[in-house]
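Enquirer: Sequence and predicted model, in that order:
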Amino acid sequence: MAGRIEDYALIGDMQTAALVCRDGTVDWLCLPRFDSHAVFAGLLGTEEHGFWRLGPAHAVDAKPPTAARRSYRGDSLILESEWDTPRGTVRVTDFMPPRDGAPQLIRIVEGVSGRVPMRSALRMRFSYGRVVPWVHKHEGRTVAVAGPDSVWFDTEAETYGKALTTYADFTVAPGDRIAFTISWQPSHKEPPPLPEPETSLEATEDFWREWVEHCTYHGPYREAVIRSLITLKALTYAPTGGIVAAPTTSLPEDIGGVRNWDYRYTWLRDAAITLSSLLRTGYREEARAWREWLLRAVAGDPENLQIMYGLAGERELGEAELDWLPGYENSAPVRVGNGAAHQLQLDVYGEVTEALHLAHMTGLARHDYASLLQLKLIRYLEDHWQEPDEGIWEVRGPRRHFVHSKVMAWVAVDRTIKLIESGDADGPLERWKELRDDIHRDVCEKGYDKERNTFTQSYGSQELDASLLLIPQMGFLPPDDKRVIGTIEAIQRELSTSDGFILRYPTEGEHAGVDGLPGDEGAFLACSFWMADDLAMIGRVDEARKLFEKLLALRNDLGLLAEEWDPRLQRQVGNFPQAFSHVPLIDTALRLTASGAYGG
């Protein structure tokens, strides 16, 4: 059985990523890309679907021991786990070197004290656990082959096969270092070069140290901000600049339920807000690469803007269900691909335009097509902003006039007006100023409930929506506007959990199925960070700080966050780690630091 979501660590090479549990088991790894088929899919099934466990030897019928301590080595993505056993202490170092050739996952076992019996158990299963590969020896190396894929396993330890699993049993004493490496290669090509684990470890540590040095944030929450930035960098697909929402699929928002989605793609919304956080902390190269990715993905067809694309800008992300996988803690179905790709979400135009605007304002070199793209997006919105859409949360129910979508349409027009006024683009300035006013007036008339003094989820509805918290952050209304304050207070009353975290929108009781799906979900972590931001903006800075620090306490021991927090089960839920959780963590830390609202 897979561990709790928060029991996992992330390692990666900026092209794919692995999840390593506290007991030393790699339960998830897709090769060679984030969105490739999994080689280890035990996270969504059982050990029969692939895993790699490396840790102290234990009885066959006993539960594998969990590490007594684990941490990342400094500000890096190098994981170090230590076990204390009756026979001594052992350390395992796990990492994936930034890729220069074949993707590799390297694990180095080091004796710390005593003599500790160890075991490596490697069960490779291709195509999300469905295909058993042909495992054989080739010039002294172990290779697993199935169809187009091959995985090469290299170690100095003696190995043997049993029950379709490759084992190594060995003992380490103080100073002993034994390395294990798997490398992926297309099966029709020559074997990948022999790995050099120690050299790769040194190079990986150097890479992360040099990357972190570019961070311009030095405030009181630096540890949390740096870990979130490293996580966002790990979710960036280096060859193209695309940014995945998460490296996993189908980790449930509702344990045992059907709210299970594939997040291994680039959402324009998530990537745009990730870009904004990277820009404000000194990472302009990532911003430049994402802008280039965006221009390639959208190409000459902004009228048909998708809400998400593949890592290289692929448009077809057809959704399918893997019925041979039982799902994480029996949360079925397991989905790959994402049927929401072709939804109409008008807010995306605003997020993309805001990201391009911020890039321009922070001095990123002008790109003529980026300016042209902005103008094309506004021309599309000019004709379509009054249409209903599926909204930020990708509801699978009927389209509605979501207030947040209209607000972000206003943002798109507003930022483009600013671009024209700066002299870096030409457009019908007066006409678009009228359009901006029209959208603003429409939202304030149709999306605002005067009796309750709050904006609502959609025109004519009574429901609230946490995305309304972005109204002051986007500059649609000033923070001291009574309608903004009323909305914040209404969301606190009606969308807060018992422990003070924020739901996206109501899904219980009379609101069941409002998004077209059965079941419930946890508190959406991004929304809770937005609440902390808003509280700081309206002067309730002490309350904002307390909420922010409660949110920081939800991170696992390595500083990682999933998409949601289940207040009933008191555990993380949803895909992991989630860019849409780590980005607002950074944003709120920056805001609280600027306001001086922090303890210590």
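Expert: Sure thing, it's come through. Residues are numbered from 1 along each chain as shown.
Enquirer: close enough to count as contact, Glu494 and Pro506?
Expert: Yes. Assessed by Cβ atoms under 8 Å, Glu494 is found in contact with Pro506 at 7.3 Å. C-beta here means a position set from N, CA and C on the backbone, and glycine is covered the same way.
Enquirer: Just say helix, strand or coil for Trp432.
Expert: helix (DSSP: H, G, I helix; E, B strand; the rest coil).
Enquirer: Hmm, Ile378 and it touching each other?
Expert: Yes. In this structure, Trp432 is within contact of Ile378 by Cβ under 8 Å, at 6.5 Å.
Enquirer: coming back round to it: so which of Glu494 and Pro506 has more stuff around it?
Expert: Taking neighbours as other Cβ atoms under 10 Å, Glu494 and Pro506 compare with Pro506 leading, 19 against 14.
Enquirer: re earlier: overlap of the contact sets of Trp432 and Ile378?
Expert: Residues touching both Trp432 and Ile378 (Cβ atoms under 8 Å, 6 or more residues apart in numbering) are 413, 416.
Enquirer: Of these two, which one has the most company?
Expert: Ile378 (26 against 20).
Enquirer: is it true that the more buried one touches Gly427?
Expert: Yes. Ile378 is within contact range of Gly427, at 7.3 Å (criterion: Cβ under 8 Å).
Enquirer: Pull up the overlap in contacts between the two.
Expert: Counting by Cβ under 8 Å, 6+ apart, the common neighbours of Ile378 and Gly427 are Thr416.
Enquirer: can you give me the helices in the protein?
Expert: 126-129, 197-212, 222-234, 268-280, 284-298, 347-361, 368-384, 403-421, 429-446, 470-473, 482-494, 525-537, 541-552, 579-595 (DSSP state H).
Enquirer: Next, format those as JSON lines and append distance to Leu464 and mean pLDDT.
Expert: Listed next are the helices of the chain as JSON lines, based on distance: least, Cβ to Cβ, whole Å; pLDDT from 0 to 100:
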{"stretch": "helix 126-129", "distance to Leu464": "38", "mean pLDDT": "97"}
{"stretch": "helix 197-212", "distance to Leu464": "39", "mean pLDDT": "98"}
{"stretch": "helix 222-234", "distance to Leu464": "28", "mean pLDDT": "97"}
{"stretch": "helix 268-280", "distance to Leu464": "20", "mean pLDDT": "87"}
{"stretch": "helix 284-298", "distance to Leu464": "32", "mean pLDDT": "88"}
{"stretch": "helix 347-361", "distance to Leu464": "17", "mean pLDDT": "88"}
{"stretch": "helix 368-384", "distance to Leu464": "25", "mean pLDDT": "89"}
{"stretch": "helix 403-421", "distance to Leu464": "10", "mean pLDDT": "96"}
{"stretch": "helix 429-446", "distance to Leu464": "15", "mean pLDDT": "98"}
{"stretch": "helix 470-473", "distance to Leu464": "12", "mean pLDDT": "97"}
{"stretch": "helix 482-494", "distance to Leu464": "5", "mean pLDDT": "97"}
{"stretch": "helix 525-537", "distance to Leu464": "11", "mean pLDDT": "97"}
{"stretch": "helix 541-552", "distance to Leu464": "18", "mean pLDDT": "97"}
{"stretch": "helix 579-595", "distance to Leu464": "19", "mean pLDDT": "95"}
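Enquirer: overlap in contacts of Glu494 and Pro506?
Expert: In contact with both Glu494 and Pro506: Leu464, using Cβ under 8 Å, 6+ apart.
Enquirer: Including distance to Thr181, could the helices of the chain go into JSON lines?
Expert: Output for the helices of the chain, formatted as JSON lines (distance: least, Cβ to Cβ, whole Å):
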{"stretch": "helix 126-129", "distance to Thr181": "18"}
{"stretch": "helix 197-212", "distance to Thr181": "6"}
{"stretch": "helix 222-234", "distance to Thr181": "19"}
{"stretch": "helix 268-280", "distance to Thr181": "31"}
{"stretch": "helix 284-298", "distance to Thr181": "28"}
{"stretch": "helix 347-361", "distance to Thr181": "38"}
{"stretch": "helix 368-384", "distance to Thr181": "41"}
{"stretch": "helix 403-421", "distance to Thr181": "46"}
{"stretch": "helix 429-446", "distance to Thr181": "56"}
{"stretch": "helix 470-473", "distance to Thr181": "45"}
{"stretch": "helix 482-494", "distance to Thr181": "50"}
{"stretch": "helix 525-537", "distance to Thr181": "35"}
{"stretch": "helix 541-552", "distance to Thr181": "35"}
{"stretch": "helix 579-595", "distance to Thr181": "28"}
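Enquirer: Quickly compare these and say which is most buried.
Expert: helix 525-537 (a mean of 26; mean count of other Cβ atoms under 10 Å).
Enquirer: any idea how far Arg22 is from the closest residue to Lys137 other than its chain neighbours?
Expert: Distances taken as Cβ to Cβ, 6 or more residues apart in numbering place Val143 nearest to Lys137, at 7.7 Å, with adjacent residues excluded. According to Cβ to Cβ, to the nearest Å, Val143 and Arg22 sit 30 Å apart.
Enquirer: start to end distance for stretch 182-196?
Expert: 12 Å (Cα to Cα, to the nearest Å).
Enquirer: same question, stretch 336-355
Expert: Start-to-end, stretch 336-355 (Cα to Cα) is 28 Å.
Enquirer: and if you look at stretch 269-289?
Expert: 16 Å.
Enquirer: Can you give the distance of that stretch from its chain's centre?
Expert: Centroid separation between stretch 269-289 and its chain, computed with Cα atoms, centre = their mean, to the nearest Å, is 14 Å.
Enquirer: same check, this time on stretch 163-180
Expert: With Cα atoms, centre = their mean, you get 33 Å for stretch 163-180.
Enquirer: ok, the residue nearest to Lys137 - how many residues close by?
Expert: 22.
Enquirer: I'd guessed it sits against Thr166; true?
Expert: No. With contacts counted by Cβ under 8 Å, Val143 stays clear of Thr166, the gap being 10.6 Å.
Enquirer: what is in contact with the two at once?
Expert: 135, 153.
Enquirer: which residues touch Asp84?
Expert: Ala68.
Enquirer: Beta-bridge partners for it, please?
Expert: Beta-bridge pairing of Asp84 under DSSP bridges involves Thr89.
Enquirer: what's the distance between it and Ala553?
Expert: Distance, Asp84 to Ala553, by Cβ to Cβ: 26 Å.
Enquirer: Same question for Asp100.
Expert: 38 Å.
Enquirer: cool, Arg53 as well?
Expert: Arg53 is 30 Å from Ala553, where distance means Cβ to Cβ.
Enquirer: And these two? Which one has more around it.
Expert: Just comparing Arg53 and Ala553: by other Cβ under 10 Å the higher neighbour count belongs to Arg53, 21 against 7.
Enquirer: Contact partners for that one?
Expert: Contacts of Arg53 (Cβ under 8 Å, 6+ apart): 23-26, 64, 119-121.
Enquirer: From these, pick the one nearest Asp542.
Expert: Nearest to Asp542, judged by Cβ to Cβ, of the contacts of Arg53 is Asp23 at 40.8 Å.
Enquirer: Count the residues that sit near the closest one.
Expert: 20.
Enquirer: Wait, it touches Ala68, no?
Expert: No. Contact criterion Cβ under 8 Å: Asp23 and Ala68 do not qualify, at 11.5 Å.
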